[in-house]
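In: Need a 3D model of the following:
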Amino acid sequence: MNQQLKNKIEATDTSINKLLKEQKFTIDYFQREYRWQEKHIKLLVEDLTTTFLKSYNVEHKRPEVANYKSYYLGPVVFSISPETGKKSIIDGQQRITSITLLLIYLNHLQKNREKQVKIHELIFSEYFDEKSFNMSEEMREPCLKALFETGEYIVREDDDETIKNMVARYDDINECFPEELTQDALPFFIDWFKENVVIVEITAYSDDNAYLIFETMNDRGLNLTPTEMLKGYVLSRITDKKQRNEINAIWKEEIQNLHAFDENADQVFFQAWFRSKYAVTIRPGKADSEDKDFELIGSRFHNWFKDSHKTLFKLKTSDDFYTFFKNQFPFYVKWFIKIWNAENSFNTSMPHTNYITHWGIAESLQNPLLLASIKYEDEQSTIEQKVDFVSRYIETFTVRRSVNYRKFGASSIKYTMFNVIKLIRDNDIVTLGTNLTNEVERIPETWSGVSDFGLHQMNGKFVKHLLSRITSHLDNLVGKDTNYSTYHHPNGKQFEIEHIWANKFEQHRDEFDQLTDFQRWRNSIGALILLPQGTNQSFSSDRYEDKIEHYLKENTYAQTLHPTYYTKNPNFLKSEQIQNLEFKAHTDFKKTDISERQELIQRICETIWSVDYFNKQN
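Out: A predicted model of the protein is given here:
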């Protein structure tokens, strides 16, 4: 190759279809790990599906997708070796990996459809019946192959960070992908995803040029963020120089506090704050509708604020701006950070805020919900209780949906949650309790769904959440000093889901003719408990009569299977709460026992998530 080609740089806008179809690229050594977190993949799915739904109409034919609104995913940088022609990803590996996971998931959704959209060629090439995945990296192949073929990959202890994150993000996609796109709209969405998601592909023919592009793209020192543009506007509205300098100093300090958590926390904060307190409109669900307050805050809150501060914020004079940003701004930053801390570390004053970190709704909805009822005049204890109440509502909503096999992607519940935000805005604690009680009672999914609920390959994350809540709740009833994090995410040895029945169909021939029937009962929630890692593995294949002796040494929920527990702990049944749950021992464990345990779990759920909690006032 000549020097002219080595110096050449090409840039073109392209579709996912053109970018990935029968392509092969290696991943550059310095960015091999896939590090996207749950919030990143959920935000991507939310953005994609929301943009698609702005154009989709049930009366459309598929060719009309070509005219749907496009979505810009950003640039990717490749280097092509002039000597070998090998194509390497220099920047964009995180997004391409995430796109591949979403494509695999979409392919599973359409597997049982008579007519399928051709997307496997965007995931792998096939020669002589051997699959060769587009992202050529040996360590990823087994995971990608398993996800593509079965939708499941069992993570091993020696798997690296990339594999663990890929599996976790695939599960997140399943969790947040909206139900309304899984049926008739699915082929429309796949078409749109392939052709209307725009990526700028930048190609260099030397590594030096490719890295120079990468460094230039990631040097954002001269780019003003929406927060910085908002700051400039706010300061321009304050005419008194001393007051302007004071607000500038406050602004710097608060943004620094937010950045201590995450580099984008300032933007997340303003979106949450403005939505929680000031958004009054949301885009209608009809195709081609215009964005309203809720969407405009998400896309360009600095411009929205300029257009809305007189009518919605009542900020008109210099003094208005000064007083508002001197008092309200640092107050809500402080509580946004306190909530963030409570989400990440168990807080006895706001326990439910930690629960919804592990089983909550989209950040774009959850954050404004948690801020909505808080008032500047509230005392600390009142605010903590308000945040806990709202967190409990969110968890009740997600758990009730989940035990009924219902999803809660952002697009599916956006209108419901926006109405709740407006309903609870600036509520006092009594009104908040009443409003949330009414909202819980409006949730269409009931606890009766527990009777048919069980573990499957895509809901292990939720099952662990549910069992952790049940297990810690029962421990607390008998006076044990444990909490949710003890079982869900302890610092030391982890807990795993234990099947009470070993995976041995032949041992249950007296009750089952079909393997699938046996497996369904074995995976029922009533046939599952939590045990410490290692303990679970050491006797998971034992018969029940042998296992039950080990269960007597474990958590309260496991111990209640054994009749000896009741004789050695006579106070257990004296508690009125325990009596109402109607526990019983199980010397044997047949289908009838699983059904009884299933009914017990329903009663426990009704107790744990009772609306009586909202009647607890300061």
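
In: Identify the residues contacting the residue nearest to residue 494 when sequence neighbours are not counted.
Out: Closest residue in space to residue 494, ignoring its immediate chain neighbours: residue 533 at 4.6 Å, by Cβ to Cβ, 6 or more residues apart in numbering. (Glycine included, C-beta is placed from N, CA and C.) Contact analysis of residue 533 by Cβ atoms under 8 Å, 6 or more residues apart in numbering lists 493-496.

In: before we move on, what about residue 351?
Out: Each residue near residue 351 by Cβ under 8 Å, 6+ apart is listed here: 388, 483-484.

In: Model confidence for it, exactly?
Out: Predicted confidence (pLDDT) for residue 351: 95.

In: Same question for the one 5 residues further on.
Out: Residue 356 carries a pLDDT value of 97.

In: One more: residue 160?
Out: Looking at residue 160, its pLDDT reads 87.

In: Quick check, it in contact with residue 33.
Out: Yes - using Cβ atoms under 8 Å, residue 160 makes contact with residue 33 at a distance of 7.4 Å.

In: Cross-check the contact I'm expecting between residue 296 and residue 303.
Out: Yes - the criterion here is Cβ under 8 Å, and residue 296 meets it with residue 303 at 7.4 Å.

In: Looking at these two, which one has more neighbours?
Out: residue 296 (20 against 15; other Cβ atoms under 10 Å).

In: Return the residues in contact with the residue nearest to the more buried one when sequence neighbours are not counted.
Out: Computed as Cβ to Cβ, 6+ apart, the closest residue to residue 296 that is not its neighbour in sequence is residue 304, at 4.3 Å. The contact partners of residue 304, by Cβ under 8 Å, 6+ apart, come to 274, 293, 296-297.

In: mind redoing it with 10 Å?
Out: By Cβ atoms under 10 Å, 6 or more residues apart in numbering, the contact list for residue 304 reads 226, 230, 270-271, 274, 278-279, 291-298, 312.

In: So which residues of this structure form strands?
Out: Counting by DSSP state E, the chain has strands at residues 9-15, 25-27, 71-80, 87-91, 124-127, 130-133, 135-136, 197-204, 495-499, 528-532.

In: that older thread, with respect to residue 37, which of the contacts of residue 533 is nearest?
Out: The shortest approach to residue 37 among the contacts of residue 533 belongs to residue 494, at 19.1 Å (Cβ to Cβ).

In: circling back: the contacts of residue 351 in helices, which ones?
Out: Counting by DSSP state H, these place 388, 484 in helices.

In: Select the longest helix from this structure.
Out: Criterion DSSP H: the longest helix present in the chain is helix 318-344.

In: if you average pLDDT over it, what comes out?
Out: Helix 318-344 carries an average pLDDT of 97.

In: what does stretch 289-297 give?
Out: Here stretch 289-297 scores 95 as its mean pLDDT.

In: who touches that stretch?
Out: 50, 53-54, 270-276, 278-284, 298-300, 303-305, 307-308, 312, 364-365, 368, 414-415, 417-418, 421.

In: Give me the buried subset of those.
Out: The neighbour count (16 or more other Cβ atoms under 10 Å) marks 50, 53-54, 270-276, 278-279, 282-283, 298, 304-305, 308, 312, 364-365, 368, 414, 417-418, 421 as buried among the contacts of stretch 289-297.

In: Okay, the residue lying closest to residue 225 once chain neighbours are set aside and residue 118: tell me how far apart.
Out: Nearest residue to residue 225, sequence neighbours excluded (Cβ to Cβ, 6+ apart): residue 267, at 6.8 Å. To residue 118, residue 267 is 38 Å away according to Cβ to Cβ, to the nearest Å.

In: ok, those two, which is more surrounded?
Out: residue 267 (18 against 11).

In: In this structure the more buried one contacts residue 229, no?
Out: No - judged on Cβ atoms under 10 Å, residue 267 makes no contact with residue 229 at a distance of 11.1 Å.

In: Give the residues shared as contacts by those two.
Out: With contacts taken as Cβ under 10 Å, 6+ apart, residue 267 and residue 229 have 301-302 as neighbours in common.

In: and the closest residue to residue 541 other than its chain neighbours, what is it in contact with?
Out: In space, and not counting its chain neighbours, residue 541 is closest to residue 502: 4.7 Å by Cβ to Cβ, 6+ apart. For residue 502, the contact set (Cβ under 10 Å, 6+ apart) comprises 508, 522, 539-544, 546-547.
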